[in-house]
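Engineer: A predicted structure for the sequence below; I have some questions about it.
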Amino acid sequence: MNPDMPEYALTGAAFDSREMDGLSASADGETEVLAERPSTWNRPPVFAVRSAPADWHGDVDQAILRLLRRGENWDSHGAAPIDADAVANAREIARTLALIDGVPQPTVGGTPDGEVGLAWDVGEWSLDLTVDGSGLLHYVYLDEADSTRDVERRTRNSTEIANYLTRLPRR
């Protein structure tokens, strides 16, 4: 097995013409299979999409909303208040990710610049995502087992984030 070619369990459903954020979708009972066109990986990612958000979504959504309570200097080191637009954008990305089967629950936090941070630390890898008021996603992926996979990027494409969160092993 080539580690650069992830294995996916496909449901075998035929693709139809619906589109969702640049993804083509097909129906398979309560689950949909999505494939991105084109991909930054060696082959397009395929996601199993839930009919309802993951159980963790409500807690994460509330944690993101609570960040709005942070006023000026909330960290006692001069931090800016959390931007309401960053909160709205983070809520949207959290809901999108909660609809993708296999995405683990993130930790929620704020940044000194007033942005929203979502973080996943799963065994030997971690992904830190910062969401700003314009919807720009800045992420850092670190893999302790293979530093050649370490990445730092900015994007507006949530599929890139979902790809990391679903294709990597849970250790």
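Structural biologist: Yep, that arrived. Numbers count the residues shown, from 1 in each chain.
Engineer: And the residue of the chain most remote from its centre, how far from residue 112?
Structural biologist: Relative to the centre of the chain, and counting by CA atoms, centre = their mean, the farthest-placed residue is residue 76 at 29.3 Å. The gap separating residue 76 from residue 112 is 11 Å, by CB to CB, to the nearest Å. Using the backbone N, CA and C atoms, a C-beta is placed for each residue, glycine as well.
Engineer: circling back to that earlier point, so is the residue farthest from the centre of the chain in a helix, a strand, or just coil?
Structural biologist: Taken by DSSP: H, G, I helix; E, B strand; the rest coil, the conformation at residue 76 corresponds to coil.
Engineer: so who does residue 84 touch?
Structural biologist: Contact analysis of residue 84 by CB atoms under 8 Å, 6 or more residues apart in numbering lists 68, 133.
Engineer: run the last query once more with 10 Å
Structural biologist: Residue 84 makes contact with 67-68, 114, 133 under the criterion CB atoms under 10 Å, 6 or more residues apart in numbering.
Engineer: out of those residues, who's nearest residue 85?
Structural biologist: Nearest to residue 85 among the contacts of residue 84, counting by CB to CB, is residue 133 at 3.5 Å.
Engineer: Let me know the pLDDT of the residue farthest from the centre of the chain.
Structural biologist: Per-residue pLDDT puts residue 76 at 90.
Engineer: hey, where'd the strands end up in this protein?
Structural biologist: For the chain, applying DSSP state E gives strands covering 19-20, 23-28, 31-36, 46-49, 107-110, 116-122, 125-131, 137-143, 151-155.
Engineer: so residue 118 sits right up against residue 97, yeah?
Structural biologist: Yes: judged on CB atoms under 10 Å, residue 118 makes contact with residue 97 at a distance of 8.2 Å.
Engineer: what do the two both touch?
Structural biologist: Common neighbours of residue 118 and residue 97 (CB under 10 Å, 6+ apart) are 60, 105-106, 129, 161.
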